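[1] dropping the sequence and predicted coords here.
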Amino acid sequence: MSNKEIDDLSGTETTGHEWDGIKELNTPLPRWWLWTFYGTVVFALGYTIAYPAWPLISSATPGVLGFSSRANLDADLAAAKAAQGGVIEKIAATPVAEIVKDDELNRFATAGGKSLFKVYCTQCHGTGAMGGVGYPNLNDDDWLWGGSIDQIYTTLTHGVRHEADADTRFNIMPNFGADGILTTEQIDQVAKQVASLSGVEGGAASPEGQQLFLDNCAACHGDAGQGNPDLGGPALSDRVWLYTGTLEGIKAQLVKPTHGVMPAWGVRLGDVAVKELAVYVHGLGGGQ
Amino acid sequence: MLAEQTPPTERYDVEPVNSPTRRQPLYAARRKIFPKRASGTFRRFKWLVMLLTLGIYYITPWLRWDRGPYASDQAVLIDLENRRFFFFFIEIWPQEFYYVAGLLVMAGIGLFLVTSTVGRAWCGYACPQTVWVDLYLAVERLIEGDRNARIKLDQGKWTAGKVIKRVSKHAIWLGVGVLTGGAWIFYFADAPTLLHDVVTFDAPLVAYATIALLTATTYTFGGLLREQVCTYMCPWPRIQAAMLDENSLTVTYNAWRGEPRSRHAKKTLAEGKPVGDCVDCNACVVVCPMGIDIRDGNQLECITCALCIDACDDVMAKLGKEKGLISYNTLTDFNANMALASNEAGALEPRRIRDSVTGKLVDKVRHTTWRSIVRPRTIVYFLGWAAIGLAMVTALSLRSPLSLNVLHDRNPLYVTLKDGSIRNGYDVKVLNMTPTPRAVALWIEGLPGATLSLADSKGMTSQSLGLELEPDKVLPLRLYIHASDADLPPGQSKFQIFVESTDGIRVSTETSFETPETRK
């Protein structure tokens, strides 16, 4: 029955386990293996003394080495800050137009601006800064308030139509239709005139339309509709439209114009962040 | 009468599970092995392999290979900091790691090939554990003498002489360990510079830590644990045993001519009993670095170092018998010869394999020759191994030292500009995978009317861009392509971007240009 069975060939005891006639030998382990096992036990106990391990009611034993992953994180963050080597201070002290000329500052500001853009700007301008109807596309070469680095920086700092900021970018287009400044027929004529400037379907230039344009629109939009960044007058002669670029869209904007707003980021985010954002937006491809 | 009234007591066939007769120790102490010096063909071969493998290991980092002024002149260098691997004329970048994967596959199939033909040759000759144990044993023998002297020393009292011998042995062992670890680090940095830094204590901490770790493992595994590593720690013996078949060469005790073994052949013969060639001198056991008896048959512990063949051949030569009582044989031949030598009752009879007149082995005895090596299984392994090798060599020779990666912007797909033209943005990387500076031209084909500009070229557009590549560096570019939507269909247009260096290497990649799906 359960007598010990010795394997004939090896002279070793079997465990009594058998699979399809194959029996398992009960070969003794080497003793040094056992000592290695005891060694790991001793090491494990020592480890729990050296490092935080044993659970207590509200925390755990701190360990005699004083290890803390939170402290490590703080140290890593401090090291990362130190590794920035005062670049942030340099950005604060450098005019934004000089930042784009300095390789190191430009790279740092672009990276910082990219992450700030994702947090503060994508809600209106989109993750690829493509904008949408009423929200400017920042990739193209058409700028409402100017596309130089300084102009972008000013726009970002003071916002657009942000009334709490005295220096904000501000303009208003009259309600030519809703307030009765122009008749329906005149609006139709001037809309066709504007549409003709960039070849929008249905556009037709006419002497009356031209006269109406010069009288009512040219002050802000320029004699040829080329726009005026100083006043924020959008260019009407190009192929980029902030609102719908159809004859109907132009008419709607003439009757009762829609105006966009942007917060003054200078107060909210601070000068360094605004500089970084300006560098990033300027570098999207349309910067002048 | 009374006895008949006592109820019969049943005896049970049972034994306590922990009865002393059943107990076998769970742990066994190690039994010391004192391998005797062997000499002969295989011992010489092993010295040669040791010389070769250690030579390759120690000398390789010191070989130089001129790559010009922009890269290291070390022939074999794993440059972790710059993520480059240099091997003579080959330079591998991280994205080409599949070459290393290919080498590993070749090593795997190579192991199948070697094991199915010549058995555990890796274990017996080339494994670092075997090579270093051999080296450590040579040191031990040099200081403490051969087997008998070592046993005597081991059992003797701790005299001053014993202390001196033991201390010097372990000191040399540690020295070998330090040299082993020391050689390893030179593969990862410029060897002469690092050696200078190491001896002047200017080297990085990781260099010393690596030396210390490898010293500890070499000393422990090669000097102290030796055969225990092979028997208990290494998975290879198990895997290799599974790869052997009946036609693989293994070190075999040819029982069909050795048995019945006898220490007193003449006396036994006089008694009329059969006598085999084995004189039971145990020469095969004393030389074995694993301390086993090959006459017990194939064993897990046997690393097939073939030193027992050398030892036995010596004895056979002295006795005037044929060599090869222990030899490399296949199981098929062994079984055939066993059948030949066995009588009807299954007992071995040496006279059945010997010519009654000359005393020589009869012709029917099968001898393993090189033919056992060439058979379908090994041919398949070899073809697989060679095919991968050939594919790798071809890929290496065809690969371009210039490489171009292009990623089209996904958001925005395209940008409409004031004049109505369309601009697409691309992240382009031009890789110069040689340690020389290069001038290249970049242009596009297949996009009518398109012009190129770089993000920092401030709107200047051109048909072709001239670029300067630094040696061994990647040049990242922000590329804009401008085209008129009048020239292109709505949606996606495929086109090619080309890069060609002044020395005539041209690479290209296909990408796409997007225009609005709907036109106003």
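    Sure, I can see it.
[2] and the residue lying closest to B:D333 once chain neighbours are set aside, what pLDDT?
    Excluding its sequence neighbours, the residue lying closest to B:D333 (C-beta to C-beta, 6 or more residues apart in numbering or on different chains) is B:R366, at 4.4 Å. All C-beta spots, glycine's among them, are computed from the backbone N, C-alpha and C. Per-residue confidence (pLDDT) for B:R366: 86.
[3] helix, strand, or coil at B:V374?
    The three-state label given to B:V374 by DSSP: H, G, I helix; E, B strand; the rest coil is coil.
[4] I'd like to know how far it sits from chain A.
    33 Å (C-beta to the nearest C-beta, to the nearest Å).
[5] that older thread, isn't the residue nearest to B:D333 up against B:N337?
    Yes - B:R366 sits in contact with B:N337 when judged by C-beta atoms under 8 Å, with a separation of 5.8 Å.
[6] who has more neighbours out of the two?
    Per other C-beta atoms under 10 Å in any protein chain shown, whichever of B:R366 and B:N337 has more neighbours is B:N337, with 23 against 16.
[7] tell me which residue of chain B lies closest to chain A.
    Of all residues in chain B, B:N411 sits closest to chain A, at 3.1 Å by C-beta to the nearest C-beta.
[8] tally of neighbours for that residue?
    Neighbours of B:N411 using other C-beta under 10 Å come to 11.
[9] one more: B:E140?
    20.
[10] that one: helix or strand, and which one exactly?
    helix B:128-144 (DSSP states H and E).
[11] equivalent analysis for A:A166, please.
    Using DSSP H and E, A:A166 sits in no helix or strand.
[12] before we move on, what's the pLDDT of it?
    Looking at A:A166, its pLDDT reads 93.
[13] test my guess that A:W145 contacts A:F170.
    No - between A:W145 and A:F170 there is no contact under C-beta under 8 Å: 10.3 Å.
[14] what do those two both touch?
    A:160, A:232 (C-beta atoms under 8 Å, 6 or more residues apart in numbering or on different chains).
[15] who has more neighbours, the two?
    A:W145 (21 against 17).
[16] can you tell me the element that one falls in?
    With DSSP H and E as criterion, A:W145 is part of no helix or strand.
[17] which parts of chain A sit against chain B?
    Proximity of chain A to chain B, by C-beta under 8 Å from any C-beta of the partner chain, involves residues A:1-4, A:13, A:26, A:28-34, A:126-130, A:137, A:139-142, A:198, A:200-201, A:235, A:238-240, A:245-246, A:283, A:285-286.
[18] which among those count as buried?
    A:13, A:26, A:30, A:32, A:126, A:128-130, A:137, A:139-142, A:198, A:200, A:235, A:238-240, A:245-246, A:283, A:285-286 (16 or more other C-beta atoms under 10 Å in any protein chain shown).
[19] out of these, which sit inside helices?
    Judged by DSSP state H, helices contain the following of these: A:W32.
[20] stretch B:287-302: end-to-end distance?
    12 Å (C-alpha to C-alpha, to the nearest Å).
[21] what is the mean pLDDT for that stretch?
    90.
[22] follow-up on the earlier one: who does the helix holding B:E140 touch, helix- and strand-wise?
    With contacts defined as 3 or more C-beta pairs under 8 Å, 6 or more residues apart in numbering or on different chains; DSSP states H and E, the secondary structure elements packing on helix B:128-144 are helix B:41-59, helix B:147-155, helix B:160-185.
[23] next SSE after the one helix or strand in chain B whose mean pLDDT sits lowest?
    Within chain B, no helix or strand scores below helix B:2-5, which has a mean of 58 by mean pLDDT, DSSP states H and E. Reading on from helix B:2-5 to the C-terminus, the next helix or strand found by DSSP H and E is strand B:27-28.
[24] who does that next one pair up with?
    With DSSP bridges as the test, strand B:27-28 is paired with strand A:29-30 (parallel).
[25] same question for the strand it pairs with, mean pLDDT?
    Averaging pLDDT along strand A:29-30 gives 87.
[26] what sits up against that strand?
    B:26-30, B:228, B:232.
[27] buried members of the residues you listed into ChimeraX, please.
    A single ChimeraX command selects the buried members of the contacts of strand A:29-30 (16+ other C-beta under 10 Å):
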select /B:30,228
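[28] OK, contacts around the residue in chain A that chain B sits nearest to?
    Proximity of chain A to chain B (C-beta to the nearest C-beta) peaks at A:G128, 3.1 Å away. Going by C-beta under 8 Å, 6+ apart, A:G128 touches A:139, B:409-412.
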